[in-house]
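Asks: Sharing a model prediction with you, sequence too.
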Amino acid sequence: MLTIYHSNRLDVLKDLLVELIRRAPPSNPLANEQILVQSPGMAQWLRLQMAEGLGIAAGIEFPLPASFLWEMYTRVLPDIPRRSAFNKEAMTWKIMALLPTMIHKEHFEPLRHYLEDDDEGMRCFQLSGKIADIFDQYLVYRPDWINDWEQQLDSAGATAEQLWQPELWRTLVTKTAELGQSPWHRANMHHRFLQELAENPHRQHLPDRLFIFGISALPPHFVESIEAIASQTDVHMMIMNPCQHYWGDERDPKYLRKLAAKTFAENQLSKTISSHGQHEHWLDKDGLSLENLDTTGNPLLGSMGKLGRDYLHQLHDLDAFDVDVFVPNQNRQLLQQIQQDILNLEDRTQAPSPTAFVDDRSLQFHSCHSPLREVEVLHDRLLDMFEQNPDLNPRDIVVMLPDIDSYSPWIQAVFGSINDHRRIPFSISDRSARSEHPILPALLHLLELDRSRCTAPELLELLEVPALQATFSLSDSDLNTLRRWVDASGIRWGLDGYHQGQFDVPELQGNTWLFGLRRMLMGYAMPESLGLQEGILPFDQVQGMEAALAGQLASFIDQAEQLAKRLDRKRSMEEWTLLINDLIGSFFTPDEEDEYALKIVRDALEQLHEQLIDADHQQPLSRAIMLSYLTERLNSERSSQKFLAGQINFCTLMPMRSIPFKVVCLLGMNDGAYPRSIPPAGFDLIAKHSRRGDRSRRVDDRYLFLEALLSSQNLLYISYVGHRIQDNSERIPSVLVSELLDYCQQGFGINPAQLLTEHTLQAYSPGQFDDQGKLFSYAHEWLPAAARQGSEPPPFYQKTGLPEQEVPPEIELPELLRFYKNPCKHFCNRRLKVYFDNHDPAIEETEPFDYDTLESYLIQEELLRSMILEESPQTVEEQLKGRGHLFHGAFGQLWLDEQRANLNKLANTVKPLISNPQDDLQVNLSINGYQITGWLKSRYESGMVRYRPTGMKGKDIINSWIEHLCNCASGYQQSTALLGTKEYFMFNPVTTKEAKGWLERLLYYFITGQNAPLPWFPQTAYSWVKADPLTNRDKAMKAALISFNGGFKDQPRAEKSDPYIARIYPELEPVMTEFDTIATELMTPALAAMESIKS
């Protein structure tokens, strides 16, 4: 006997189930109760609820419908295998073997063109998988077609251009028989199963009773099978029915309007009765007629309920006893009112009754700028819910998303980073194995290593995987060192020259991993100053105890190179299994969690091996096919063991996640993201000939949304990205969200703005903390930033509170020179021990094609020195190639030639000035109680010479001026030449007394700058003084601001772009008075003593 229990409350159905088992326990205590459910999540919830209601939940099985029905087939029918020879995987490999032998036939012409130039068999594999998937759908939803095709009735379902499908199916059946496998499949078994149960008693083969709990929909032949089983045993079907009235003919109002418009247009064109008959035939396929087009009930039920409506229509025709246990909702809040409207099949929009919902939080909509903000806002709102309702527990809340993998990083970042009283326990379910276990994407990456460019960032990222780190004895700190070495040694991409050649570029060793490793290992043995050794320039940063890291890196690259050479060929399944296991053993040292992840891989390989044996597929598999198979398996393998773990549940939206929760939250409800839409394949005949009960991802998602609306007991929280983060432009939400908002407006007179909260772009926006309107935040760490409300931030350095530091009596000359290059940096580094530029830059992944300003300067400096010493032009070129810093091919030579031409005049000017070098001068000057000590180098008979391969800058002038003063103060009345590519200057000799006087002022500001950052910016000072502020202050101010803030493209880099200056003195105007005084005192005498010289 079949009994169908209808209720709008899942907990009521659960209570009925518990009571039925309590009142009539199984007659055989060793027999297991059979309860069909649609998902493991539902089984887990039901097991917990039954344990609470019965005291224990033992001796209960929760099979899924497909596995249960196959089990019934094997019990009732003879010679039924445990596994169908027509399962999707087996059909894929059989079809893959059959297609190449059939594409020459007439009907297969559409496939013939697609399979051309398929050397690796990837197209054939993908097409076979798609055909197998569609055939599997035919077996479930169109068994009549399959039976007709086997009887040579090709016209069943197949159009003229799709006649290859019946032929391919028959050939597939024939091949299965040739392999000696069972001819039974779901289509022919279904008919035989119904016939057998109708003709013969099989009570002993069936369960004593069967419960079917909370399944949203079943295919028609499943329902027929259940009815047949019910003829010989008790079947209790408990379904979640949102409406207490019959709504099997309920339709979406928008669909009806489109239908009416189409019918009207066709009637205008039709002139005959037969044409009108075609209209009715077209309507009848969906159970409609022209008379009921204006019949409608609740618009939400009509729009979102097609899946449940079709299912109820199937159940309505069964010989069953119906039991209604609907429960009205007494709560008068908005959410419960909507649920009650659906229960009563009431269309409130036809007779609107504006209602005032005071302080109603039962239905909330939240618009954010990004997924991160969605999760941040959710965290704040959950804290507010816990504060408002102390009885609310984390296990009472579920958060569902269309794509859990894309939101997982944000959930971990927000919920996992809080360790104070605001921490909310949470768990994330349904993540794919590939996204949950880092070892799996690393394994897939290694399997296509030979097709990867093996860039420096790419392989270093692989080394971040813990299981890989353990194999090569590396730590996170070791990786930081390796990043610096890899970048500095010139490694960019390619394992070696041969590997680079696979990408249609010349086989050059430069910038490869082999090139960089040779430099590291050579640098351990000898310094870079020795120059090229057998074509290798040593990289001498590899020293001491850290040298072992170079060996560990070399071991990893050696393993990678060996693996890459083994990948690019087809292999048998046994060879692939051996290779992958060898790869795992060579690269990974897994922990317990990694072992679980690798078990998924090994199980997938074992199942693939069995599938190939079943399909008699003996052809070798290409790497592309193996990689595609593993990727699909790892993406589809999802773990639900954390669902209902007593914490807030983050999970994906899937069928029968409509378990009742006090609070249901839906995130990511964006237009295009939900409901999801998967377009059918062009040869999918089900899509061309639809029937009631056919499944569709978009229809399923609509019903999931409706179930979420109904399963929420107290509060439904809906969030979406409603504004673009780039320009704040508006983005519309999911059409389902819009429909729900429209219903609230049209049925209850509620303006959508009352339900919708527009959140700020940033979590630290002042609007989050102003205690006005709907916005609030529990993130107290952002309060200081928000409290400023756009005001200027406090200065980085406060002049009060820092104890004064005495300057030692001996001041080294290099220290003095460093100070005047950048006093702000000197103060931060020496006094505050703060370093802003100590970070790892992004590692380049291509060989050099352009140089930044610093790189260009260093190469030009090296080139100029070589030209002055009259070295061979090839010397610098070989040095640059040895470091991997020169453009490859003729581009590098052309660039060097251009630089030589630009520097030739400067080199020729410098040569005669340095023809008679003098000994270095030891400086030991007593100035105002302080001793300046150091050495002056680059001294010649004509005086000191300072040159640089670019134009002179302010810091060059002030440093040369200090050295010039030290030279003169030491008793050497010589000039100092400053030569650049654009100008030649010379400091004239000054008297010893004058030199010491100016050094005294320089020392004064040096001492001042030890206790407070000195507002001295050498380039800005040079521009300011050079423009003569006494004559034209506006002109001087403009020149100073250009130097400080930056000007046009050909202007020097802005001085405030330096991170130290930017932190301490972001603007020039506030310190202009002090800066003017310092610049005038220090730079004016330097420029006064400086004169231009002719080349």
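Replies: The structure has been received and is ready for your questions.

Asks: okay, which residue is most central for the chain?
Replies: Note on the chain: the residue nearest the mean C-alpha position is S406, at 5.8 Å, using C-alpha atoms, centre = their mean.

Asks: what's the distance between it and T652?
Replies: 11 Å (C-beta to C-beta, to the nearest Å). The C-beta positions use only the backbone N, C-alpha and C, and glycine is treated the same way.

Asks: so what's A1088 up against?
Replies: Contacts for A1088 (C-beta atoms under 8 Å, 6 or more residues apart in numbering) come out as none.

Asks: shaky segments in the chain?
Replies: Within the chain, the segments meeting pLDDT under 70 span 250-296, 356, 358, 640-645, 655-657, 788-801, 837-841, 1048-1052, 1095.

Asks: hmm, 50 instead?
Replies: 259, 269, 271-295 (pLDDT under 50).

Asks: Now do the domain split for it, please.
Replies: 2-80+193-240, 88-183, 251-296, 363-431+643-759, 435-636, 792-1095 (automatic domain parsing).

Asks: Just say helix, strand or coil for V235.
Replies: strand (DSSP: H, G, I helix; E, B strand; the rest coil).

Asks: residues in contact with it?
Replies: V235 touches M1, L2, T3, R209, L210, F211, I212, I226, I229, counting by C-beta under 8 Å, 6+ apart.

Asks: Could you rerun that using 10 Å?
Replies: 1-4, 34, 36, 206-207, 209-212, 226-229, 320 (C-beta atoms under 10 Å, 6 or more residues apart in numbering).

Asks: do the same with Q726
Replies: Q726 touches H369, counting by C-beta under 10 Å, 6+ apart.

Asks: D403 - how many residues pack around it?
Replies: 15 (other C-beta atoms under 10 Å).

Asks: Once you drop chain neighbours, what's closest to it?
Replies: In this structure, D403 finds its nearest non-sequential neighbour in G668, 6.5 Å apart by C-beta to C-beta, 6 or more residues apart in numbering.

Asks: residues of stretch 1009-1019 that come out buried?
Replies: G1009, Q1010, N1011, P1013, L1014, P1015, W1016, F1017, P1018, Q1019 (16 or more other C-beta atoms under 10 Å).

Asks: Tell me the bridge partners for the closest residue to Y972 other than its chain neighbours.
Replies: Distances taken as C-beta to C-beta, 6+ apart place L921 nearest to Y972, at 7.1 Å, with adjacent residues excluded. Counting by DSSP bridges, L921 forms beta bridges with L936.

Asks: Renumber starting at 27 from here on
Replies: Done: numbering now begins at 27, and the last item shifts to L947.

Asks: tell me which residues of stretch 193-208 are tucked away?
Replies: E193, L194, W195, T197, L198, V199, K201, T202, Q207.

Asks: do stretch 655-664 as well
Replies: Applying 16+ other C-beta under 10 Å to stretch 655-664 flags Y655, L656, R659, L660, E663, R664 as buried.

Asks: one step back: helix or strand for the residue nearest to the centre of the chain, which one?
Replies: Assigning secondary structure by DSSP states H and E places S432 in helix 430-441.

Asks: what distance separates that helix from the centre of its chain?
Replies: Centroid displacement of helix 430-441 relative to its chain, using C-alpha atoms, centre = their mean, to the nearest Å, is 10 Å.

Asks: Which positions within that helix qualify as buried?
Replies: I430, D431, Y433, S434, W436, I437, V440, F441.

Asks: what pairs with whichever helix or strand comes after that helix, and is each one parallel or antiparallel?
Replies: The element immediately downstream of helix 430-441 (helix or strand, assigned by DSSP H and E) is strand 452-454. Sheet pairing of strand 452-454 (DSSP bridges) gives strand 674-678 (parallel).

Asks: between the strand it pairs with and helix 430-441, how big is the angle?
Replies: 160 degrees (axes from the mean of the first three to the mean of the last three C-alpha atoms, to 10 degrees).

Asks: which other helices and strands contact the following helix or strand past strand 674-678?
Replies: Per DSSP H and E, the first helix or strand lying C-terminal to strand 674-678 is strand 687-692. Applying 3 or more C-beta pairs under 10 Å, 6 or more residues apart in numbering; DSSP states H and E, we find strand 687-692 packed against strand 389-394, helix 397-414, strand 423-427, strand 674-678, helix 723-737, strand 738-747.
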